[in-house]
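In: build me a model from this:
(one chain, ligands or ions: 1)
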Amino acid sequence: MLFAVQMTVNLPPDLDADLRAATLTAEKEYAQELQQSGEWLHLWRCAGQYANLSVFEVTGNDRLNDILWGLPLFPYMDITVTPLARHPSAIR
Ligand SMILES: O=C(O)CC1=CCC(=O)O1
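Out: Coordinates of the predicted model:
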């Protein structure tokens, strides 16, 4: 199943600098592992925003939920999930 996910990051300005750096490092590793495994198909920056638009291909809602709850930045994110269906005019 395909899902578009928008993640907006709201890191508290007073977050401890070491915790911030460790969380960002862990987020990058987590995201890159899921891209390498093939579940995280696209990861795009929303221009001008501390947000991304991602596409996941996963077995279902429960798997996507597990992935999102596992994001190191999850406590600092607003997340919107859109299930995707094939568009009748799509050629690929
Ligand atoms: O910077 C972001 O958009 C948050 C994020 C998700 C995966 C990642 O590496 O950073």
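
In: can I get the CA coordinates of the helix or strand hosting residue 55 in CSV?
Out: Using DSSP states H and E, residue 55 sits within strand 51-57. Extracted in CSV, the C-alpha atoms of strand 51-57 (Å, rounded to 0.1, in the frame of the first residue of the first chain):
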residue,chain,number,x,y,z
ALA,A,51,8.8,19.8,6.6
ASN,A,52,9.1,16.9,4.2
LEU,A,53,6.7,15.1,1.8
SER,A,54,7.4,11.4,1.8
VAL,A,55,6.0,8.4,0.0
PHE,A,56,6.0,5.0,1.7
GLU,A,57,5.2,1.6,0.2
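
In: let me see the mean pLDDT of the helix or strand following it.
Out: Sequence-wise, the next helix or strand downstream of strand 51-57 (DSSP H and E) is helix 61-70. For helix 61-70, mean pLDDT rounds to 98.

In: helix 61-70 vs the ligand: in contact?
Out: No: judged by Cβ under 6 Å from any ligand atom, helix 61-70 stays clear of the ligand, getting no closer than 10.4 Å. Where you see a C-beta, it was placed from the backbone N, CA and C, and this is true even at glycine.

In: just the angle between that helix and strand 51-57, please?
Out: 150 degrees (axes from the mean of the first three to the mean of the last three Cα atoms, to 10 degrees).

In: okay, the angle between the helix or strand just after helix 61-70 and strand 51-57?
Out: As assigned by DSSP H and E, the chain's next helix or strand after helix 61-70 is strand 77-83. For strand 77-83 against strand 51-57, the angle by the same axes, to 10 degrees is 40 degrees.
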